[in-house]
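Colleague: Here is a sequence together with a model predicted from it:
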Amino acid sequence: MIYTVTLNPSVDYIVQVENFELGGLNRSVMDTKFPGGKGINVSRVLKRLGVDSTALGFLGGFTGGYIEKFLREEGISTDFVHVSEDTRINIKLKSGVETEINGKGPSISEAELDKLLAQIEKLNENDMILFSGSIPSSLPSTIYVDLIKRCQKKNIRVIADVSGEPLNHVIKADPFLIKPNHHEIGEIFGVKVETPEEAHKYGSRLLDMGVENVIISMAEKGALFLNQEVSYYAVAPKGTVKNSAGAGDSVVAGFMSGIAKGKPYEEAFALGVACGSATAFSMELCTKEEAEELLKQVNVKPL
Ligand SMILES: Nc1ncnc2c1ncn2[C@@H]1O[C@H](COP(=O)(O)OP(=O)(O)O)[C@@H](O)[C@H]1O
Ligand SMILES: O=P(O)(O)OC[C@H]1O[C@](O)(COP(=O)(O)O)[C@@H](O)[C@@H]1O
């Protein structure tokens, strides 16, 4: 079974304003909301690709209730720990450019965390688990390392999509796969990463530190896949961006679905890139049909 863990889910409030004026009264020309948070997006895209997963993490309040109901209506299996504070709302403001305000999220008590740890203890060797997204402020930045180690003791394959300080910890915990974007990998090494060649250079350093596989996504420039045996680069398909929130999560979902179906890394990676771009070109997460259509344009080359 595949498990996705979202410690800090969100309701994503997507609002479009023409000529946004800071400090003024702005009225939206379009607004909508979706369940969000990285693992949740991955579970939703996996479902569309025909792969089942169970979504874990913390949900609370009316926002948490909305997410849980939405996921169940999509046929996604969920087993969230219910917490006393409300799940956050993240604002995705579109006005020519995309601006995001992500909330800090509810605080998680020790008893609530213990419930998640007990769920992890029940997982089995053939399971695959994704840890992704920010960490609620009441939990330590090393929490993912603790969770990863518990999974590794059971030989569970661990994928992590995290950023900032938690990423610095996770890269030392020998995960099966991480998926930083080019800004996030640049932050690890205190450099700017702008070209596939630069991404390759710093991705290789992560492999030397013990990470088994690395996908570095580079928005409109596409993505790289690296491990000790191969390095691939895929240029992103061309199209008009409607809402890029969830594009990175879709790369992870496409790749995980390929792995779950026993495809070689090269194919799983190509599907990941197609899913990422298909999500960027739609208001919501990509459908299977949209991803398969774009897959025809994804050309994976050795780098
Ligand atoms: N402007 C774009 N044009 C085409 N594809 C895009 C664009 N933005 C994102 N993508 C696709 O989505 C993937 C993930 O995007 P990226 O912005 O790097 O991830 P994240 O959301 O994690 O920051 C890219 O590898 C690419 O396939
Ligand atoms: O946990 P974080 O880092 O605040 O990110 C949460 C946000 O990221 C998303 O999961 C989208 O992530 P990506 O654009 O990286 O795929 C949103 O749904 C959510 O609002």
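Modeller: It's in. Numbers count the residues shown, from 1 in each chain. Ligands and ions are numbered 1, 2, ... in the order given.
Colleague: Look at residue 113 and say how many residues are nearby.
Modeller: For residue 113, the neighbour count with other CB atoms under 10 Å is 20. (Each C-beta comes from the backbone N, C-alpha and C, glycine too.)
Colleague: In terms of helices and strands, where is it?
Modeller: Under the criterion DSSP states H and E, the helix or strand holding residue 113 is helix 110-121.
Colleague: what about residue 74, how many neighbours?
Modeller: If we define neighbours as other CB under 10 Å, then residue 74 has 12 of them.
Colleague: Also residue 137?
Modeller: Using other CB under 10 Å, residue 137 has 12 neighbouring residues.
Colleague: wait, doesn't it sit right on residue 105?
Modeller: Yes - under the criterion of CB atoms under 8 Å, residue 137 makes contact with residue 105 at 6.9 Å.
Colleague: Whichever helix or strand residue 169 is part of: which residues count as buried?
Modeller: Using DSSP H and E, residue 169 sits in helix 164-170. In terms of neighbour count (16 or more other CB atoms under 10 Å), helix 164-170 has its buried residues at 166, 167, 169, 170.
Colleague: Over to stretch 20-28?
Modeller: Residues of stretch 20-28 classed as buried by neighbour count (16+ other CB under 10 Å): 20, 28.
Colleague: Span of that stretch from start to end?
Modeller: End-to-end distance of stretch 20-28 (CA to CA, to the nearest Å): 9 Å.
Colleague: cool, and stretch 37-56?
Modeller: Length of stretch 37-56, first residue to last, CA to CA: 11 Å.
Colleague: what about it and ligand 2, touching?
Modeller: Yes - against ligand 2, stretch 37-56 shows contacts by CB under 6 Å from any ligand atom at 37, 38, 41.
Colleague: got these as a markdown table, with secondary structure and neighbour count columns?
Modeller: Below are these laid out as a markdown table (DSSP: H, G, I helix; E, B strand; the rest coil; neighbours: other CB atoms under 10 Å):
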| residue | secondary structure | neighbour count |
| --- | --- | --- |
| 37 | coil | 32 |
| 38 | helix | 29 |
| 41 | helix | 31 |
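Colleague: For these, give me CSV that also has distance to ligand 1 and pLDDT.
Modeller: What follows is those, written out as CSV (distance: CB to the nearest ligand atom, whole Å; pLDDT from 0 to 100):
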residue, distance to ligand 1, pLDDT
37, 13, 97
38, 8, 97
41, 10, 98
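Colleague: ok, back up a step: same list, the buried residues of helix 164-170, but as TSV with distance to residue 208 please.
Modeller: Shown next, in TSV, are the buried residues of helix 164-170 (distance: CB to CB, whole Å):
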residue	distance to residue 208
166	20
167	16
169	17
170	16
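Colleague: Quick check: which element contains the residue in the stretch 151-300 of the chain that ligand 1 sits nearest to?
Modeller: Relative to ligand 1, the nearest point of the stretch 151-300 of the chain is residue 248 (2.0 Å; CB to the nearest ligand atom). Remark: residue 248 resides in helix 247-260, with elements defined by DSSP H and E.
Colleague: can you tell me how far residue 154 sits from residue 93?
Modeller: Residue 154 is 42 Å from residue 93, where distance means CB to CB, to the nearest Å.
Colleague: could you give the angle of the longest helix along the chain to helix 247-260?
Modeller: Secondary structure of the chain per DSSP state H: the longest helix is helix 265-280. Here the directions of helix 265-280 and helix 247-260 differ by 150 degrees (axes from the mean of the first three to the mean of the last three CA atoms, to 10 degrees).
Colleague: Quick check: which helices or strands does helix 265-280 pack against?
Modeller: strand 213-217, strand 223-226, strand 231-234, helix 247-260, helix 288-295, strand 300-302 (3 or more CB pairs under 8 Å, 6 or more residues apart in numbering; DSSP states H and E).
Colleague: Residues touching the fourth one, excluding its own?
Modeller: Applying CB atoms under 8 Å, 6 or more residues apart in numbering, the set of residues contacting helix 247-260 from outside is 2, 38, 41-46, 49-51, 128, 130, 132, 159, 161, 177, 179, 181, 215, 217, 219, 223, 265, 267-269, 271-280, 285-286, 291.
Colleague: ok, 7 Å please
Modeller: 2, 38, 41-42, 45-46, 49, 51, 128, 130, 159, 161, 179, 181, 215, 217, 223, 267-269, 271-276, 279-280, 285-286, 291 (CB atoms under 7 Å, 6 or more residues apart in numbering).
Colleague: ok, now which ones touch the nearest residue to residue 84 once chain neighbours are set aside?
Modeller: Closest residue in space to residue 84, ignoring its immediate chain neighbours: residue 60 at 6.2 Å, by CB to CB, 6 or more residues apart in numbering. Contacts here follow CB under 7 Å, 6+ apart; on that basis residue 60 touches 82, 83, 84, 85, 86, 87, 106.
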